[in-house]
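S.K.: Test case, fold it:
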Amino acid sequence: MDDSRLDTSKTFTGDIYLEEGGERRSIRIDDNGWLRIMDAQVLPTTLWFGCYQEDDGDIYIIKAFTNGGSKDDRVLSLNDDGRLGFYSGSSRPWRICKRDGEALVPRSTPEAAITVSTKGGRVWTADNRQCKAAKGAGSNFVVHIHKVGVYRF
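M.R.: Modelled structure (predicted):
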């Protein structure tokens with residue numbers, strides 16, 4: 001992505017959780033690079049959400065952000081079956097908004113129910129312990145924002 005289009009006022013680090021049946025479950029990257037839904041007591045993987053301005057609105061590039069750094073520049077994307085995982089050389093853009101359709105404003109929102117989708121309209125969906133992008137309503141994901149304005153790590 002073109003760093004001149006990076007909007008640091010909307011770029012942040014945070015954790016993702018799935019809310020389901022009154023329970024909050026963490027999202028982690030497994031040993032194979034897939035996003036997985038874990039039990040409530042397992043700590044989530046912190047992610048970097050880099051916001052880039054495009055002519056048709058903001059898009060996000062999502063990377064792992066653990067121990068102060070990224071894991072070999074892999075970017076969150078999806079495979080042919082829609083499973084969410086991290087790939088080298090990918091630049092998959094994501095749209096992120098609050099679940100009610102309003103814009104996500106990280107500075108004023110330490111935690112928010114969100115919808116994450118591709119430009120084509122596939123949304124993040126829980127499928128057992130897997131995270132997928134699929135057509136439909138999507139699942140109830142929440143982001144807990146740690147820090148806004150993280151440019152590089």
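S.K.: How many neighbouring residues does Tyr88 have?
M.R.: No Tyr there; residue 88 is Ser. By other C-beta atoms under 10 Å, 11 other residues sit near Ser88. To be clear about C-beta, it is placed using only N, CA and C from the backbone, and glycine gets the same treatment.
S.K.: The residue most central in space within the chain and Val123: what is the separation?
M.R.: For the chain, the residue sitting closest to the mean C-alpha position, by C-alpha atoms, centre = their mean, is Ile62 at 5.6 Å. Counting by C-beta to C-beta, to the nearest Å, the gap from Ile62 to Val123 is 14 Å.
S.K.: again with Ala40
M.R.: Taking C-beta to C-beta, one finds Ala40 at 23 Å from Val123.
S.K.: Outside of the helix or strand Lys147 falls within itself, which residues are in contact with it?
M.R.: Per DSSP states H and E, Lys147 falls inside strand 141-148. The set of residues external to strand 141-148 that reach it, using C-beta atoms under 8 Å, 6 or more residues apart in numbering, is 9-19, 24, 27, 46, 49, 96, 104, 106-107, 109-116, 124.
S.K.: Contacts only, for the closest residue to Gln130 other than its chain neighbours.
M.R.: Nearest non-adjacent residue to Gln130, counting by C-beta to C-beta, 6 or more residues apart in numbering: Arg83, 5.9 Å away. Under the criterion of C-beta under 8 Å, 6+ apart, the neighbours of Arg83 are Trp34, Gln130, Cys131, Lys132.
S.K.: now, which of these sits nearest Gly89?
M.R.: Of all these, Trp34 has the smallest distance to Gly89: 17.2 Å, by C-beta to C-beta.
S.K.: For that closest one, give me its contacts.
M.R.: Counted by C-beta under 8 Å, 6+ apart, Trp34 has contacts Arg83, Leu84, Gly85, Gln130, Cys131.
S.K.: What of Arg74?
M.R.: Gly33, Lys63, Ala64, Phe86, Tyr87, Ser88, Ser90 are the contacts of Arg74 under C-beta under 8 Å, 6+ apart.
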